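Asks: let's see this in three dimensions:
(2 chains)
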Amino acid sequence: MEYDFRAIEAKWQRTWKDTDAYKVTEDTSRPKFYVLDMFPYPSGAGLHVGHPLGYIASDVFARYKRHQGYNVLHPMGYDSFGLPAEQYAIQTGQHPAITTEQNINRYREQLEQLGFCYDWSREVRTSDPSYYKWTQWIFGELFESWYDTQAQKARPIADLAAAFADNGNYNVHAACDEGWWQGLSFPHFGEHFDGTFTDTDWASMSETEQQEVLMCFRIAYLADSEVNWCPALGTVLANDEVKDGLSERGGHPVVKKTMRQWMMRITAYADRLLTSLDDLDWTDSVKEAQRHWIGRSEGASVRFAVATADGQPDPSGAEVEVFTTRPDTLHGVSFMVLAPEHDLVAGLTTDAQRAEVEAYVEAAGMKSERDRQGDKSISGVFTGGHVVHPVTGALVPVWIADYVLAGYGTGAIMAVPAGDERDWRFASHFSLPIPAIFDGVDTTEAACTDKNATLCHSGEWDGMRAGDAIPRALDWVEAQGCGTRKVNYRIRDAVFSRQRYWGEPFPIMYEGGIAKRITDATVTLPKVDAYLPTEDGEPPLARAAREDWPVFRGDAMETNTMPGWAGSSWYFLRYMDPTNENAFCDRSKSDYWGQVDLYVGGAEHTTGHLLYSRFWTKFLCDRGHIGFDEPFKFMINQGMILGRSNFVYRIQGTNTFVTANKRKEQPTQRLHVDINLVENDKLNLDGFRAWRPEFANAEFILDDDGTYTCGHEVEKMSKSKYNVQTPDDLVERYGADTLRCYEMFLGPLTQHKPWDTQGISGVHNFLRKIQRLYTQAAEADLPSSSSEDALRVVHKAIAKVSDDLDRHAFNTVVSALMIAVNDLASLQGGLGSDALQPLAILLSPYAPHLAEELWATAGGSGSVLDASWPQADDAFLVEDQITYPISFNGKVRFQLALAASLSASEVEAAVRKDDRTDAQLAGKDIRKIIVVPGRIVNVVM
RNA sequence: GCGGGUGUGGUGAAAUUGGUAGACACGCCAGACUUAGGAUCUGGUGCUUCGGCGUGGGGGUUCGAGUCCCUCCACCCGCACCA
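Replies: Sure, this is the predicted structure:
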């Protein structure tokens, strides 16, 4: 009987739909399991075979867990705000919602034909108002919270206002920017204000002033931040869109512009984001990326007094603060370097140096961040100013250079050329002194960064190992009052505003210049006449008049939108309670479903996503909205499926194409050819001529057997390389079950691997073969008990498949099933329902449609979906005889079948007795015999 | 430069704790059935000078190493002047 996959798959997909087979609800009587895929951005191109790889793996696992009795949550949705739909809208005027809807429909169709066990009733779309209503709500909560650094958690902003009213900010430990009060100009905050205020001060402030103070402490806050502004294009550009101060597209001038932006105080969570990584079951590479992004380093903040012209500490108390991880090298400081943007540059610069310094600062300002980072050449300018060395009292010249970044640490460094490679290069380039501070190490040719070096010329630290001197130096610096211990982070607060249309509007209105949260309605996107920013640089939403806004409050609405990561930072929670209109997710539901037990997605571009969703999860936990503070307990990153491109070779200047085997005979041009015109690297000549008009009269130089062999190469799948394989074609030809099994069979999930359509036939044959087994058994009236040999095969498979799935080895499961089927086929009968029913269950995570069919054939009742996962019976796994490989000095020479019950010494005796042993010894003595019971025997001669 | 990873037949790969390297497939070769099917079945298929040699190269530990240690090389990914 034919394997009619089309009929089978259509039938079961209909049945599942009709019976709501994949609908899940909370059920406290059963353990839960949450399997999540990284939801896709629905692009216009649809899915290619690479996309479903992770979805198939998670689907297999979800089904496996269901068989094991878990209540499995396995949802799917769309990250549907994004740039491509907006760009399309700018070009065509079509509303991005329409484009998005079309793309989603296409995705849904493609996903559904693959037979995934998603509970579609839980689908979410980040661009849907019923979803982004709650993204806005979370933003509102962030806006109405501050971070208590003592309690190490977020708290309501009302608590902070109450504390201020009660006792000023004396005992308040709130995360905020250093010098948060700078930029605020209230009567109470005079020139010498140090950031501390009293309850009386607070009470004397106006409403507006109080709000301005509170804004400095909110977790979601407004602040001035520098962006790349391109007036000609009327838009803000990302750093990588700017080259040499000009826009990459069009070559228009770009200027740095300070804009008021929404920010997220993720820095408050830096330490928790770092430490809780240890408990996550993620790959080291992903965790390392998180650690690097957070970039924690321990050291000291050291203050150098600014020197007056006569070399005395400036009486105004002006100081340059630097961050260093190597306070032990303090005696090696021979100069100081400030970032060109540093506040004190102007003040330190002497008149003689002013022109040169200003030119350098201006040039640095013109360069984009990216160019500055890409340029490794050494440049810098002496300011003419000096600071006083806190230990030696010596004058230290101050330079500016763009290798010092304004955005990291304090934007200033103490340069120790003997102990730092960059400082060393700078010193030798400008012929600055390189004081020797390491005993017996010549630092005239290179810096010494080894912490095992011994210090010298370093006062009381002489003779100490540098690494050991660090804590001493920290104590010393603190005792002297010229510095403090400090932990520095690389991570910056995240800019949360985008000047885009197709994103979440902020639930924020302005009243008297004060930003206020809108709580009485969902702010939906207004109608606009174009999706571009306005000419004076306002975001697209600023095009909307008051009446264009479905919800308008206050004097003005916030016109920025949220960045792409807003909606994806919490979507895993919405799946738990997708239609709740009163909460983002009911606490009882998030308590039940809890953390994601298995998160599957690509490792590319996930560092930010993971960081932000971890941040929001911790915040929601702090505020009591959920009961856990890490979203994804365990994560697998699937590898990319690469395309296999085919090439034809055109002889230069002709319309003649030469087969790959003969192309070396003349100069040729290599052209991508559509893989659909190639079978087994042989070109379909007629198809090629019909492919494009210019090839209609193509001539060919063929192989001697009359065929045209194409060249091939493994590359990323892309339309322009004509190597895209869609799942649709393959489902049509082989069925979803075959495609599912094949994608898993291809190789380890986490590895990148090339797609090879040829191999799919092997998996397809396997499914046909297994169906034949069942039909034959059914024709033999399906006995209830099978032969012992058959049961051995099945129980071996049960053990292997269960074990492999438990360690997420998805590829070897298919092999194990193939082996079982091959073995059963060669038994020629003896198959009954006690073998065939468990086998159908083993198959069902991979080939759910066929498994349903086989389950029914094998006399199973109901759907296979809820059949309990079979247990391997040890009685069928133990062998009574073991064929030992007998090796001599590690080389296997013959096999010896022995009873499995024999002890090691009995095995040894049997080996000694065997005639073949004597032959191998050839007169030599046996020094030792190693017996590994059940495994191997090694005779040492 | 730093961090992470990978390296095994013609190809995708397997080998879970150190115990017969190459399972399972693709491809290829030969044959059968048939005559044109994207069909099915059977057998073979790491290399070999038939002694052996083989998991990127070299060294080590071990009775025994793809697996552990040292070292070097190649490739891929991420970060990249982070003080």
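Asks: from here on, just use CA atoms for contacts and neighbour counts.
Replies: OK.
Asks: now A:Leu348. Nearest residue, chain neighbours left out?
Replies: Closest residue to A:Leu348 apart from its sequence neighbours, by CA to CA, 6 or more residues apart in numbering: A:Gly385 at 4.8 Å.
Asks: each with direction, which strands does the helix or strand harbouring the one you found pair with?
Replies: Using DSSP states H and E, A:Gly385 maps to strand A:381-388. Paired strands of strand A:381-388, with direction, are strand A:296-306 (antiparallel), strand A:395-400 (antiparallel) (DSSP bridges).
Asks: tell me if it is near RNA strand B.
Replies: No. Counting by CA under 7 Å from any atom of the strand, RNA strand B has no neighbours in strand A:381-388; the shortest distance is 13.8 Å.
Asks: can I get that strand as CSV, trimmed to CA atoms?
Replies: Output of strand A:381-388 as CSV, limited to C-alpha atoms (Å, rounded to 0.1, in the frame of the first residue of the first chain):
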residue,chain,number,x,y,z
VAL,A,381,47.1,66.6,21.7
PHE,A,382,48.7,68.1,24.8
THR,A,383,46.4,70.5,26.6
GLY,A,384,49.2,72.4,28.3
GLY,A,385,47.5,71.7,31.6
HIS,A,386,48.7,69.5,34.5
VAL,A,387,47.3,67.6,37.4
VAL,A,388,49.1,66.8,40.7
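Asks: one step back: of the strands paired with strand A:381-388, which approaches A:Ser497 most closely?
Replies: A:Ser497 lies closest, by CA to CA, to one member of the strands paired with strand A:381-388: strand A:296-306, at 25.9 Å.
Asks: who does the helix or strand that that closest one is followed by touch, helix- and strand-wise?
Replies: Downstream of strand A:296-306, the next assigned helix or strand under DSSP H and E is strand A:319-324. Contacts defined by 3 or more CA pairs under 8 Å, 6 or more residues apart in numbering; DSSP states H and E place strand A:319-324 against strand A:296-306, strand A:412-415.
Asks: what mean pLDDT does strand A:319-324 have?
Replies: The average pLDDT for strand A:319-324 rounds to 94.
Asks: do the same with stretch A:258-268
Replies: Computed over stretch A:258-268, the mean pLDDT rounds to 91.
Asks: chain center to it: distance?
Replies: 22 Å (CA atoms, centre = their mean, to the nearest Å).
Asks: go on, stretch A:721-737?
Replies: Counting by CA atoms, centre = their mean, stretch A:721-737 comes out at 27 Å from the chain centroid.
Asks: what is the burial count for the residue nearest to A:Ala494 when sequence neighbours are not counted?
Replies: Leaving aside its chain neighbours, A:Ala494 sits nearest to A:Met264 (5.1 Å; criterion: CA to CA, 6+ apart). Close neighbours of A:Met264, defined as other CA atoms under 10 Å, add up to 23.
Asks: tell me how far A:Met264 lies from RNA strand B.
Replies: Going from A:Met264 to RNA strand B by CA to the nearest atom of the strand, to the nearest Å gives 19 Å.
Asks: wouldn't that residue be in contact with A:Cys216 here?
Replies: No. Counting by CA atoms under 8 Å, A:Met264 stays clear of A:Cys216, with 11.5 Å between them.
Asks: any idea how far A:Asp343 is from the residue lying farthest from the centre of chain A?
Replies: For chain A, the C-alpha farthest from the mean C-alpha position belongs to A:Gly923; by CA atoms, centre = their mean, that distance is 64.0 Å. Distance from A:Gly923 to A:Asp343, counting by CA to CA, to the nearest Å: 89 Å.
Asks: do the same with A:Asp420
Replies: 25 Å.
Asks: more neighbours, these two?
Replies: Neighbour totals were compared for A:Asp420 and A:Asp343, and A:Asp420 leads with 18 against 13 (other CA under 10 Å).
Asks: if I read this right, the more buried one contacts A:Thr449, doesn't it?
Replies: Yes. The pair A:Asp420 / A:Thr449 is scored as a contact, 6.1 Å apart, by CA under 8 Å.
Asks: what about the helices in the stretch 451-600 of chain A?
Replies: A:466-480, A:565-568, A:571-574, A:587-593 (DSSP state H, counting those that start in this stretch).
Asks: among those, which is nearest RNA strand B?
Replies: Nearest to RNA strand B, of all these, is helix A:466-480, at 11.6 Å by CA to the nearest atom of the strand.
Asks: and that closest one, how far out from the chain's middle?
Replies: With CA atoms, centre = their mean, you get 39 Å for helix A:466-480.
Asks: show me what that helix packs onto, helices and strands only.
Replies: So helix A:466-480, by 3+ CA pairs under 8 Å, 6+ apart, packs with strand A:296-306, strand A:483-489.
Asks: who are the contact partners of the nearest residue to A:Arg587 once chain neighbours are set aside?
Replies: What sits nearest to A:Arg587 in space, not counting adjacent residues and going by CA to CA, 6+ apart, is A:Ile626, at 6.1 Å. By CA atoms under 8 Å, 6 or more residues apart in numbering, A:Ile626 lies in contact with A:Arg587, A:Ser590, A:Asp591, A:Thr617, A:Leu620.
Asks: how close does A:Ile626 get to A:Leu610?
Replies: Where A:Leu610 is concerned, A:Ile626 sits at a distance of 18 Å (CA to CA).
Asks: ok, A:His331 next?
Replies: Distance of A:His331 to A:Leu610, given as CA to CA: 42 Å.
Asks: equivalent analysis for A:Arg422, please.
Replies: For A:Arg422, the distance to A:Leu610 - CA to CA - is 33 Å.
Asks: between those two, which has more neighbouring residues?
Replies: Taking neighbours as other CA under 10 Å, A:Arg422 and A:Leu610 compare with A:Leu610 leading, 19 against 16.
Asks: show me the contacts for the more buried one.
Replies: A:Ser569.
Asks: what's the neighbour count on A:Ser787?
Replies: 14.
Asks: scratch that, A:Ala922 is what I was asking about
Replies: 9.
Asks: what's the pLDDT at it?
Replies: At A:Ala922, the pLDDT value in this model is 76.
Asks: likewise the one 3 residues further on?
Replies: Among the per-residue scores, A:Asp925 shows a pLDDT of 84.
Asks: repeat that for A:Gly706.
Replies: 76.
Asks: so it, which of the three states?
Replies: Under DSSP: H, G, I helix; E, B strand; the rest coil, the three-state class of A:Gly706 is coil.
Asks: neighbours around it, how many?
Replies: As a burial measure, A:Gly706 scores 10 neighbours (other CA under 10 Å).
Asks: now do the phi/psi pair for it.
Replies: phi 80, psi 10 (degrees, to the nearest 10).
Asks: distance of it relative to A:Val794?
Replies: The gap separating A:Gly706 from A:Val794 is 48 Å, by CA to CA.
Asks: go on, A:Tyr22?
Replies: From A:Tyr22 to A:Val794 the distance is 28 Å (CA to CA).
Asks: more neighbours: which of those two?
Replies: For A:Tyr22 versus A:Val794, neighbours defined as other CA under 10 Å are more numerous around A:Val794 (28 against 19).
Asks: hmm, that one is touching A:Leu839, no?
Replies: Yes. Assessed by CA under 8 Å, A:Val794 is found in contact with A:Leu839 at 6.6 Å.
Asks: returning to what we had before: let's have the strands paired with strand A:381-388 in TSV, adding distance to RNA strand B and mean pLDDT.
Replies: Output for these, formatted as TSV (distance: least, CA to the nearest atom of the strand, whole Å; pLDDT from 0 to 100):
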stretch	distance to RNA strand B	mean pLDDT
strand A:296-306	6	94
strand A:395-400	11	95
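Asks: need the ones you listed in TSV (columns: distance to A:Pro433).
Replies: Shown next, in TSV, are those (distance: least, CA to CA, whole Å):
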stretch	distance to A:Pro433
strand A:296-306	19
strand A:395-400	11
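Asks: and those as a markdown table, adding distance to A:Val528 and mean neighbour count?
Replies: Listed next are these as a markdown table, based on distance: least, CA to CA, whole Å; neighbours: other CA atoms under 10 Å:
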| stretch | distance to A:Val528 | mean neighbour count |
| --- | --- | --- |
| strand A:296-306 | 44 | 21 |
| strand A:395-400 | 47 | 22 |
